[in-house]
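1. Just to be clear, the model below is a prediction. Sequence and coordinates:
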Amino acid sequence: MKQALCAVISVLLVSQCVALTPYYLKQHKNNAHVFTQLVKVPSRPQSGLDLCPTCIQFGDNALNALLNIILNSGVVGSCSALCSLLEQETGSKALGVVCTLFCDVEGIKEFIKIINRADLDPIYYCQLLRACPINDNGDAKITSLTVDPPSGPQGTFNIRLVWATNNGTGTGQVILQVETQDGLPVEGAFLNEAKLAGNYELNIQLKAQPDPGCDPSQGPCEKWEPGTYPVQVAVCNGECGSKHPHSKVFDQGSTNFTITPEGMRWRRFT
């Protein structure tokens, strides 16, 4: 049943991939536009259908709309009614169909309870749906955090995070934050699926140069001026900063890189 449900949901979400946010993006929408233009991670290997990241992808895109529908519509008597409203609200038929699949499994009353309990936390939401593993005895320790190159002109900086776990981890997040010279937010979160004991790494490409597609009339644009840029990361059980059960910050680390003025002058005159 689980595999069949995952297969149907995966096909639906892939067919609507342009309209959906990738599962690993942080849910702070006011910062996401900065982050998504600047950071790239390797594509997730297609090693089979996995209900957990699929569920989180759905929750990331649907929870806010579902909460608004429940608050504004009063009593919603059926899964089809709730999920039809979701489809209308988001303009996504895929989200409406996936909503119906999850809701039919739980029943409308329990499904609404889960949405209210999750309160915009897609990881906890999917744990309540029993779609994502829980490990409250997990651990993680950051063993290495580096930036390559440590200093250089505007361009791509490769951030490598390595961590170890003795007891494995439940479903969680890795958070990345870069402190810029002008204070604009550059941050994001990556899904950390449940892990067995062992050593793991995450490689992130940070494109530290002005985005030609950024429209200053729509908001401030990061200029990546010369200077030192502190980098902070956190490895968490559940969503970092969440007050829900099964949530904890395992470990935090910091490093930095420097953007040199020589590189900016070189590019300006070529």
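-> Structure received. Residues are numbered from 1 along each chain as shown.

2. Quick check: Ala131 touching Leu51?
-> Yes. With contact defined as Cβ atoms under 8 Å, Ala131 counts as touching Leu51 (4.8 Å). For every residue, glycine as well, the C-beta is placed using N, CA and C.

3. which of those two has more neighbours?
-> Between Ala131 and Leu51, counted using other Cβ atoms under 10 Å, the more crowded position is Ala131 (24 against 19).

4. which non-adjacent residue is nearest that one?
-> Leaving aside its sequence neighbours, Ala131 sits nearest to Cys55 (Cβ to Cβ, 6 or more residues apart in numbering; 4.0 Å).

5. quick one: that neighbour from Gln127, how far?
-> 9 Å (Cβ to Cβ, to the nearest Å).

6. can you check Pro212 too?
-> Pro212 sits 40 Å away from Gln127, going by Cβ to Cβ.

7. Between those two, which has more neighbouring residues?
-> Between Pro212 and Gln127, counted using other Cβ under 10 Å, Gln127 has the larger neighbour count: 25 against 7.

8. With adjacent residues omitted, what lies nearest to the more buried one?
-> Nearest-residue entry for Gln127: Ile134, 5.6 Å, with adjacent residues in sequence omitted and distances by Cβ to Cβ, 6+ apart.

9. can you count the residues close to that neighbour?
-> 17.

10. Now it: which helix or strand?
-> Of the helices and strands defined by DSSP states H and E, none includes Ile134.

11. List the contacts of it.
-> By Cβ atoms under 8 Å, 6 or more residues apart in numbering, the contact list for Ile134 reads 127, 170-171, 246.

12. Dump those into JSON lines; add pLDDT, distance to Cys236 and secondary structure as well.
-> Formatted as JSON lines, those follow (pLDDT from 0 to 100; distance: Cβ to Cβ, whole Å; DSSP: H, G, I helix; E, B strand; the rest coil):
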{"residue": "Gln127", "pLDDT": "97", "distance to Cys236": "14", "secondary structure": "helix"}
{"residue": "Gly170", "pLDDT": "97", "distance to Cys236": "10", "secondary structure": "coil"}
{"residue": "Thr171", "pLDDT": "97", "distance to Cys236": "10", "secondary structure": "coil"}
{"residue": "His246", "pLDDT": "97", "distance to Cys236": "10", "secondary structure": "coil"}
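
13. Of the residues you listed, which is the most crowded?
-> When neighbours are counted by other Cβ under 10 Å, Thr171 leads those with 27 neighbours.

14. all strands for the protein, in order.
-> 39-40, 141-148, 151-152, 155-165, 172-179, 185-192, 198-208, 227-237, 248-259 (DSSP state E).

15. how does this structure divide into domains?
-> Using automatic domain parsing, the domain parsing of the chain gives 2-34+46-128, 141-268.

16. And the strands of the chain: which comes nearest Asp104?
-> The closest approach between Asp104 and any of the strands of the chain, judged by Cβ to Cβ, belongs to strand 185-192 at 25.2 Å.

17. neighbours of Asp136, just the number please.
-> By the criterion of other Cβ under 10 Å, Asp136 has 11 neighbours.

18. ok, for it, nearest residue in space, not its chain neighbours?
-> His246 (6.0 Å).

19. any idea how far the one you found is from Asp121?
-> From His246 across to Asp121, the span is 10 Å (Cβ to Cβ).

20. Quick check: neighbours shared by those two?
-> Joint contacts of His246 and Asp121 (Cβ under 8 Å, 6+ apart) are Gly238.

21. count of neighbours near Leu82?
-> Applying other Cβ under 10 Å, we find 23 residues neighbouring Leu82.
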